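Chemist: Okay, predicted coordinates and the sequence, questions at the end:
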Amino acid sequence: MSPELQMYLAQGIHGLAYGMLLFLVASGLTLIFGMMGILNIAHASFFMLSAYLCVTVLNATGSYWLSLFLAPLGVALLGVLVERFMLRRAQASGLGHIAELLLTLGIALVMAEAIKLTWGTEGLQVMAPRSLAGLVNIGGLEYPIYRLFIIGLSLVVLAVLSLVLYRTRLGTIVRAAVSDPDMVSVLGVNTRRVFMLVFGLGTWMAGVAGVAAAPILTVFPGLADQMGMDAFVVVVVGGFGSLFGALVAALFLGELNAYGIQFIPKLSPVLMFAFMALVLAFKPTGLFGDRE
Amino acid sequence: MKRHLLWLMAALAVLIVFPFIFGPLQTNLMVRFAIEALFAVSLNLLLSFTGLLSFGHALYFGVGAYGAALILTHLEGIPLVLAVLLSGLAAALVGLLLSPLLVRVRATAFTMLTLAFGQLLYVLCSKFREVTGGEDGIMGWTTPPLRLPGVFSLDVTQPLYIYFFALGLSGLGILAMWYFTKTPMGSVMISIRDNQKRVDYLGYQVVLTKAVIFCLSGFFAGLAGAIYAVFNNLVSVGGVLHIMVSFQPLMAILVGGIGTFFGPILGSGLLLMLEEATQAYPELAQMISGLIFIAVVLFLPGGAISFGARLRGWWQKRAYLRKAREIAA
């Protein structure tokens, strides 16, 4: 393989890994939006909190796998509490979706500051577990195993999520509540509890992404802004509430990012926004969505 | 009506004598208040009167501020008022250019799109250092005096004159927006907030009205930005385009009271007082902003302006209960 081709391939897999990571974050976001009509501005903050929790658990126990289990769980618990004690109240305030956006914005700001106060402002490094640390040879290209692991992990989460959504009774209820929450509620389902569960599930997925991202991105207080913007663009471009749309948009954006940095580094942050504006100009509901 | 006029005259009198009684420190604080209030009211035109939440209003503020800085740096001898008005017009033009996209989206998609445009300009301005000076910004231009040939020539770098310049412009701007809400087009705007589909069916121009509102709101936000530039003699991406600049007027509206015209002005004043009280801890500013967002949404969604009504309601309820108990006993 020529060195040039190797570089293109490496950038391509880089983009794929980032895209899958982005999908993990964005799918939780789009799930919550589709179900409850809430765009959770604090979603990426949960992602960041999980990365920091991963650092703490790792320092305390030394086990990456334990932190992959514990950190998302802790984040999901916080998510459930936020839904139960704050979002419900905001929904009753009579300000409509504006209240939810402003409330979650407030939560995002507070979480960012609380993280700075707890862990400091310096970037923290997380080492990948030894079993995933090395390089693997793909047709002459030396590639880090860990990034391939991220792709695999995202695929597993995606598979489990689709199985639950499309093959279980709970999934049926969730999908029904996405299209018409009032009707489902009338049929005797406790939709409030389902909402709480979905919110917890969405933040859990952000948490998994946070732990997965910790070894490849530096854990620093700007992590949420960086990931959050990208995830919002994915949700908007893919179509609010559409999981498939989120997958397509995340992969496309991952590649756009990877090759954009390669060829036009000065303008690469702009590409994403330009793409979003372009999509909204022709299809305001996003590529695969049917609601605004 | 007469009582209102009396109050207005009294307020005006207080504002006129204010800089002569207090020192330059308080006077400068009032200038910041005037800028913030004008900015918040311009955003409120979108939020409370059109029902659109924008996370990128710093875009217009920034265009106005950079516009003023660039005009005053590169065009020597231009009258100050003209420079400031041109900066506002530049911001209105940006609103006009973006409106074909912005009118198409509503609700959350609108919020995300405005966020994207705001961040877009932030990134562009930080990268293109040749024009904007990047992180360092533009500073050190000589501000021309505010002049009416043959009548007066005032040096607006003096606290006293910048005070009248800022308060005058801001007051006129707020008055113009208040007047706009009372015009027929203002009524269409409010109807769009309440039910866009029905307004469309009734044959009103939804798209055109929205485009006018974006331009108007952009113009006054740009005007606020231009006054900011003249006041600070420094414009930088962090100061005028950062995302927190978009959140500041949002907070003022929320604290003052969403859905009211004058709430944001009250909110701006309250926030400025809070900022002064906590200025010893700048690292906590973001935390405080976050807590304000949470607390107001959860506990006082009507804002400070609703506080009096709430207190009165609570007091009346108590009085009724006492009376009921007396009757029962």
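Modeler: Thanks, I have the structure now.
Chemist: wait, isn't residue B:193 in contact with residue B:50?
Modeler: Yes. Using C-beta atoms under 8 Å, residue B:193 is in contact with residue B:50, at 5.3 Å. No exception for glycine: its C-beta is placed from N, CA and C like everyone else's.
Chemist: Just want to know which of those two has more residues nearby.
Modeler: Remark: of residue B:193 and residue B:50, residue B:50 carries more neighbours, 22 against 16, as counted by other C-beta atoms under 10 Å in any protein chain shown.
Chemist: Please tell me I have it right and the more buried one contacts residue B:192.
Modeler: Yes. Counting by C-beta under 8 Å, residue B:192 is a contact partner of residue B:50 at 5.9 Å.
Chemist: Next, give phi and psi for residue B:279.
Modeler: When read as degrees, to the nearest 10, the backbone of residue B:279 gives phi -70, psi -10.
Chemist: do residue B:52 as well
Modeler: Dihedral angles for residue B:52 - degrees, to the nearest 10 - are phi -120, psi 130.
Chemist: how close does the closest residue to it other than its chain neighbours get to chain A?
Modeler: In space, residue B:52 comes closest to residue B:46 once its chain neighbours are excluded; the distance is 4.7 Å by C-beta to C-beta, 6 or more residues apart in numbering or on different chains. For residue B:46, the distance to chain A equals 11 Å [C-beta to the nearest C-beta, to the nearest Å].
Chemist: Which elements pack onto the helix or strand that residue B:46 is a member of?
Modeler: Taking DSSP states H and E as the definition, one finds residue B:46 inside helix B:24-47. Helix B:24-47 makes packing contacts with helix B:2-21, helix B:159-182, helix B:206-232, helix B:243-256, helix B:263-277 when contacts are defined by 3 or more C-beta pairs under 8 Å, 6 or more residues apart in numbering or on different chains; DSSP states H and E.
Chemist: For chain A, which of those is the nearest?
Modeler: helix B:243-256 (6.2 Å; C-beta to the nearest C-beta).
Chemist: With distance to chain A, mean neighbour count and mean pLDDT as extra columns, can I get the helices and strands packed on helix B:24-47 in TSV?
Modeler: Listed next are those as TSV, based on distance: least, C-beta to the nearest C-beta, whole Å; neighbours: other C-beta atoms under 10 Å in any protein chain shown; pLDDT from 0 to 100:
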stretch	distance to chain A	mean neighbour count	mean pLDDT
helix B:2-21	28	10	84
helix B:159-182	19	18	90
helix B:206-232	13	25	92
helix B:243-256	6	24	88
helix B:263-277	13	20	89
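Chemist: Could you check the pLDDT of residue A:210?
Modeler: If you check residue A:210, the pLDDT there is 91.
Chemist: can you list contacts of stretch B:268-288?
Modeler: For stretch B:268-288, the surrounding residues in contact (C-beta atoms under 8 Å, 6 or more residues apart in numbering or on different chains) are A:109-110, A:112-114, A:116-117, B:29, B:32-33, B:36-37, B:40, B:244, B:248-249, B:251-252, B:255-256, B:292, B:304.
Chemist: distance between the ends of it?
Modeler: Length of stretch B:268-288, first residue to last, C-alpha to C-alpha, to the nearest Å: 15 Å.
Chemist: chain center to it, what's the gap?
Modeler: Its chain's C-alpha centre and that of stretch B:268-288 lie 18 Å apart, by C-alpha atoms, centre = their mean, to the nearest Å.
Chemist: Tell me which stretches of the stretch 1-150 of chain A form strands.
Modeler: In the stretch 1-150 of chain A, the strands defined using DSSP state E, counting those that start in this stretch lie at A:135-138, A:141-144.
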